[in-house]
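# Have a look; sequence and predicted model below, questions after that.
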There are 2 protein chains.
Amino acid sequence: MLPRGRPRALGAAALLLLLLLGFLLFGGDLECARRARGGAGFFPCALAPRIPQDGRPRGAAALDRDPPTDPGGHNRSDCVLPRPLPPRCELLHVAIVCAGHHTSRDVVTLVKSLLFYRKNPLHLHLVADAVARNILETLFHTWMLPAVRVSFYDANELKPQVSWIPNKHYSGLYGLMKLVLPGALPPDLARVIVLDTDVTFASDIAELWALFAHFSDEQVIGLVENQSDWYLGNLWRNHKPWPALGRGFNTGVILLWLDRLRLAGWEQMWKLTATQELLTLPATSLADQDIFNAVIKGHPALVQSLPCVWNVQLSDHTLAERCYLEAADIKAIHWNSPKKLRVKNKHAEFFRNLYLTFLEYDGNLLRRELFGCPSPRPPEAEQLQQTLAQLNEEDACFEFRQQQLTVHRVHITFLPHEPPPPRPHDVTLVAQLSMDRLQMLEALCRHWPGPMSLALYLTDAEAQQFLRFVEASEVLSARQNVAYHVVYREGPLYPINQIRNVALAQALTPYVFLSDIDFLPAYSLYDYLRASIEQLELGSRRKAALVVPAFETLHYQFSFPTSKAELLALLDAGSVYTFRYHEWPRGHAPTDYARWREAQAPYRVQWAVDYEPYVVVPRDCPRYDPRFVGFGWNKVAHIMELDAQEYEFLVLPEAFTIHLPHTPSLDISRFRSSTTYRDCLQALKDEFLQDLSRHYGAAALKYLTALQQPEAP
Amino acid sequence: MLPRGRPRALGAAALLLLLLLGFLLFGGDLECARRARGGAGFFPCALAPRIPQDGRPRGAAALDRDPPTDPGGHNRSDCVLPRPLPPRCELLHVAIVCAGHHTSRDVVTLVKSLLFYRKNPLHLHLVADAVARNILETLFHTWMLPAVRVSFYDANELKPQVSWIPNKHYSGLYGLMKLVLPGALPPDLARVIVLDTDVTFASDIAELWALFAHFSDEQVIGLVENQSDWYLGNLWRNHKPWPALGRGFNTGVILLWLDRLRLAGWEQMWKLTATQELLTLPATSLADQDIFNAVIKGHPALVQSLPCVWNVQLSDHTLAERCYLEAADIKAIHWNSPKKLRVKNKHAEFFRNLYLTFLEYDGNLLRRELFGCPSPRPPEAEQLQQTLAQLNEEDACFEFRQQQLTVHRVHITFLPHEPPPPRPHDVTLVAQLSMDRLQMLEALCRHWPGPMSLALYLTDAEAQQFLRFVEASEVLSARQNVAYHVVYREGPLYPINQIRNVALAQALTPYVFLSDIDFLPAYSLYDYLRASIEQLELGSRRKAALVVPAFETLHYQFSFPTSKAELLALLDAGSVYTFRYHEWPRGHAPTDYARWREAQAPYRVQWAVDYEPYVVVPRDCPRYDPRFVGFGWNKVAHIMELDAQEYEFLVLPEAFTIHLPHTPSLDISRFRSSTTYRDCLQALKDEFLQDLSRHYGAAALKYLTALQQPEAP
């Protein structure tokens, strides 16, 4: 505690003086509030607690003189608590309960705000249902955040512990799960901060963590007072809230001293209280919060009241203004109205702006390491870093190499999605797109009633625009069998095959139709494909890629053919062409359109150089080769690999899909003209072919031979 | 100083005790450094200064015992200085020298980082050249930030005071201007923080301001030590830096105590020093920084050494790591390498991420008011707020009304631009676009060699993508006569006419060609228009709108006609149509294409309902009506107003422009299908016509009559 090398007596004298001084200068509470309002003064209202050198707060016995909770009224928020320095490099633990698609998105915004301000390593403890776990595991795995550990706990397993409690709150059972955290979290976890998913941080969470140092030996729960009159009762006739101390406490932000809670028999304590109250009250109105408050009412010594700025509650009839107008520094905002961001509040704009800051914040920027603390990356990230470091910056294709190695953050099922029921011949349409193709989605939904797995390459801000776009569209919001997966943008080249692979990996049916976003399939294609798969007995017998012949129109105003006959008529009239007939006929020539005209049954065709048809294949088909970034050869290479794996190409006589015109994408036009781009693409091709030879041996020789024909563009 | 109502004697005793205690506990410097590294301890190495209740620091005589500057070596950055509380609600003054287009963009990023963390009202003092002033005045005027005042000072006027100093630094004369701030800033301005434009804040500037409280009575300049060995000399043969104390100080972040500097005869002092040094040294290498250091070398008592974290210098051979690896909390980053963000540094990623955060940050979010401080908005903003508050949220057209009133932040001449030389018949092409039309720019540049004024509707992040796009394009970066103006996105509807008006207002030639971004003009159009204007004597005689007939092609691959004859051939072949021939012929019917085929001379046509030709008009033509947001009627209304003002419509016989196909924009497709949209557009039309009648009286009757024909879509 005292500087080493000084006589102990001096230290003792100093301590005495310190205490005396504190008493003389800061004896009066009122006095202190007045000074805080004055705005100046470095020494706040009470003497500061000391944190020993190991960074862990002591039992904090010396802190009993902290401003006491005012049991009857609101917090003394105008009396600024002394700020202990946040514990440097200490690992901070945060627990969040999370279920469903929407909440998973909310958690990301909360976590971004946490990460933006944090300077400490974090361990996130996520109590999640299957949907949220699936999303968040993928997200954190691909986010590769240094000095962040994530653990998952199965919310389903915890359900029986709380499902007996009748509850009317919109958070459902999941809110109640905060009660069982002391049992659910690892037994050696001593302290944790528990957060609701609708909280946004505006400062470093370490400052909140440091408030554990204010707990007396008896205190086990840190909470901010509830900023509404709910618990005072009598808001309307027969309004009977659960018992609480004064206005009670809000449980959107909780400091839980877990090991003390376990010792104190927390589980028994809250269950007993809840059971007793439920004898006279029909249900909880505010989920866990009612029960926490009832327990605290019976055991007021358990609670440490936290400064109001750590949970500024924006509920409908909030009293939060009393808090935030006094405090220059708002630390955490809690959107605890069911209306969330649409809540009426005269300062709503201010709070919304803070929220939007993190909603739209580029999550890639949060991959920054911590300074002054060891900040280990996940092992994959470490390896990646080393590979990246070995790249030669002088290499003309450096940008390509770097882009290939980039691990993109992925948020799967960004919107609610119901997995298709298992059916043996079902097909998922797989495609990828970026913002400039959102207009295609409605038409695509009209043409393809079956399941789709679509990967979108977006920035964080664009993901929000996309969300609004879907919500504004009746067609899109009505569909439950379309899964949207966001792949976050990073780097200058379009990682087309990586994006396709995300969509492919998330397809849940036995078959996939590998399409592109600018194509509209025949209205009947979904049904026809399923029938064909069944008929051809693909599942058991054959390893086949069903070819869907591709056409194109150059007109925006276009009456889509409802049958093969109509299509052929348009083709004859010159309103429709076979795909890329003018620019690049060899891409689809092997499909043999002349034969298709007449065909009544599926027919087999042979692979040829540059063939890139749209095909239906089993879900476990080879992935797209992620080395092809930017444009060119990305689909050609995939088809070549299907051929190398001896897939038969079977053209379906009634299947067709039509490409609609569009402006060339920015990502294309940036590179089409560059010679470096063409050279690098050639290098990628060569490397791909070498790998193919290594993999398939002599069988791959035919590709090398075939390619020694005149250069393809 | 002391709580009121306590006997004065007690206060005196307390002060004595405080001093004694400080001496006993924190006598040793080494000791203090060790403790700080330990990470804990709320009381830092020295006792905290007290700031009196008026929030202004005293002469700080009691602070002489602050850790002294270590004259030989680097700052004692590991010894954390006590943090005085930032002065609540005090107005903080910041001075920045700024010149040119690039630096104006840098200033915006710096200011965004300042605003993000600030909790105090700010007064920005901008010493600017004409270019920067033009840009930044418009920007701040449209930004409408609460509690931010901006004053401009003419850099040109200050030039003579520093232009006699030979200088080799890339900042040129502008860097040197920091020396003359005590004279240039208002005489009643006592203290100011001076910032280089390449600084990024990572914390609240009030904490930096509070360090004025550490100044002794003698100290007048606060600086961070220079984090390189430059001033130690001998980096190479004949490397002779200017004199400095040890490593010297960096002047990217300066605390200037202006009134003391003025009293101390600063001007004479630095001029004398500079003159003396220039007897033996040929020029300054680091501009003002060399002179500041030379003065300080002669008068070490003037300087207060600031904690290194307030100016973490990322120069090429930086020693900054010594600072930031120790400090958990980096406060401000200084990109003081000429390579800026591309500087090699093993932690570059971390710093770049912070920079990118603010580069791409949505500046609209910084319009949030300050809590707990009065935060007056500019008067226009106040009025706007009131008008917005009067809107009825239940009104079906609420979104339209709100969008119409939105004041968009505008950054004019976002990229370097040379105004065209004054020529009496010159024409500027005026158009607006958003990201999805960037691909058009190169082609447009090839078709139109003349000046262009293009407004881009972008988010802050998109503006950076746009910048990279232009830099990557040889065609675009070679053009100096194309001015790009960024209008920042806000709100759900596309404010097409507001964006057009920005482009129109920034056109600098006597005539403007009001085009749309999807059109490519005939190669000869620019020359032909100028000749026509001269020939028709538009300047003196006639009030005319020259009509450029519009065509369209439906093909991407399109060989652009090089003459009217070629165009007519394509028209006859059905490769080209008159514009919107299929969907909306009446928009251009009055142009009378049949007559145009044969015409040899300009001919006059009459206005008719829904006419919306592309025209060349004098720059002072009526503005577009900003009420038309979203899509529909925005151009029709403008042409109607030209007619109401009795512009003749003269069709030019050799002029033409061709529309290229494109995917419908998101902004259009979102609303085309909505009935509310159509209803609101009708309401807008009605209001426009009422205003027209009010304005032009009986003459406007014809529009009402004409519109009583069958409904236009």
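Sure thing, it's come through. Numbering: from 1, shown residues only, chains lettered A, B, ... in the order given.
# For chain A, which helix extends over the most residues?
The helix that spans the most residues within chain A, counting by DSSP state H, is helix A:675-696.
# quick one: buried residues of it?
By neighbour count on 16 or more other CB atoms under 10 Å in any protein chain shown, the buried set for helix A:675-696 is A:Tyr677, A:Cys680, A:Leu681, A:Ala683, A:Leu684, A:Lys685, A:Phe688, A:Leu689, A:Leu692, A:Ser693, A:Tyr696. In this view, the C-beta of every residue, glycine as well, is placed from N, C-alpha and C.
# CSV please, covering those residues and showing distance to chain B.
What follows is the buried residues of helix A:675-696, written out as CSV (distance: CB to the nearest CB, whole Å):
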residue, distance to chain B
A:Tyr677, 11
A:Cys680, 15
A:Leu681, 18
A:Ala683, 21
A:Leu684, 21
A:Lys685, 24
A:Phe688, 26
A:Leu689, 30
A:Leu692, 33
A:Ser693, 36
A:Tyr696, 38
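# and those residues, which two are the farthest apart?
A:Tyr677 and A:Tyr696 (28.1 Å; CB to CB).
# What separation do you get for whatever residue of the stretch 51-200 of chain A ends up closest to chain B and A:Asp204?
Residue nearest to chain B within the stretch 51-200 of chain A (CB to the nearest CB): A:Arg88, separated by 3.4 Å. Distance, A:Arg88 to A:Asp204, using CB to CB, to the nearest Å: 11 Å.
# Closest residue of the stretch 401-550 of chain A to chain B?
Proximity of the stretch 401-550 of chain A to chain B (CB to the nearest CB) peaks at A:Gln439, 5.0 Å away.
# Would you check that that residue makes contact with B:Thr663?
Yes: if you go by CB atoms under 8 Å, A:Gln439 and B:Thr663 touch, sitting 6.1 Å apart.
# List the buried residues in the helix or strand harbouring A:Val616.
Element membership for A:Val616 (DSSP states H and E) is strand A:614-618. By neighbour count, with 16+ other CB under 10 Å as the criterion, the buried positions of strand A:614-618 are A:Tyr614, A:Val615, A:Val616, A:Val617, A:Pro618.
# for the record, mean pLDDT for the next helix or strand after it?
Where DSSP H and E defines the elements, the next helix or strand beyond strand A:614-618 is helix A:634-644. For helix A:634-644, mean pLDDT rounds to 95.
# Near chain B, which residues of the stretch 301-450 of chain A are found?
A:324-330, A:347, A:349-350, A:353-354, A:356-357, A:360-362, A:365-369, A:371-373, A:435-439 (CB under 8 Å from any CB of the partner chain).
# 6 Å instead, please
Contact residues, the stretch 301-450 of chain A versus chain B (CB under 6 Å from any CB of the partner chain): A:324-325, A:328, A:350, A:353, A:356-357, A:365, A:368-369, A:371-372, A:436, A:438-439.
# ok, the residues you listed vs A:Leu92, which is closest?
Looking across those and measuring by CB to CB, the closest to A:Leu92 is A:Gly372, at 15.3 Å.
# tell me the secondary structure for the closest one?
Under DSSP: H, G, I helix; E, B strand; the rest coil, A:Gly372 falls in the coil class.
# Check it and give its pLDDT.
With respect to pLDDT, A:Gly372 has a value of 77.
# burial count for it?
17 (other CB atoms under 10 Å in any protein chain shown).
# roughly how far apart are it and B:Leu319?
According to CB to CB, A:Gly372 and B:Leu319 sit 16 Å apart.
# Over to A:Leu124?
36 Å.
# who has more neighbours, these two?
Neighbours per residue, other CB under 10 Å: of A:Leu124 and B:Leu319, the larger number sits with A:Leu124, 21 against 16.
# can you confirm that one is in a strand?
Yes: assessed with three-state DSSP, A:Leu124 lies in a strand.
# List the contacts of it.
A:Val94, A:Val150 (CB atoms under 6 Å, 6 or more residues apart in numbering or on different chains).
# what bridges to it?
A:Leu124 has these beta-bridge partners by DSSP bridges: A:Val94, A:Val150.
# Next one: it, what pLDDT does it get?
At A:Leu124, pLDDT is 98.
# In the stretch 351-500 of chain A, mark out all the helices, start to finish.
For the stretch 351-500 of chain A, the helices defined by DSSP state H, counting those that start in this stretch cover A:379-390, A:398-405, A:440-447, A:460-472, A:474-478, A:496-505.
# Now tell me what touches the third one from outside.
Contact with helix A:440-447 is made by A:Val475, A:Leu476, A:Arg479, A:Ile517, A:Leu520, A:Pro521, A:Tyr523, as judged by CB under 6 Å, 6+ apart.
# out of the residues you listed, which are inside strands?
A:Leu520, A:Pro521 (DSSP state E).
# Of the contacts of helix A:440-447, just say which sits nearest to B:Asp610.
Proximity of the contacts of helix A:440-447 to B:Asp610 (CB to CB) peaks at A:Val475, which lies at 30.6 Å.
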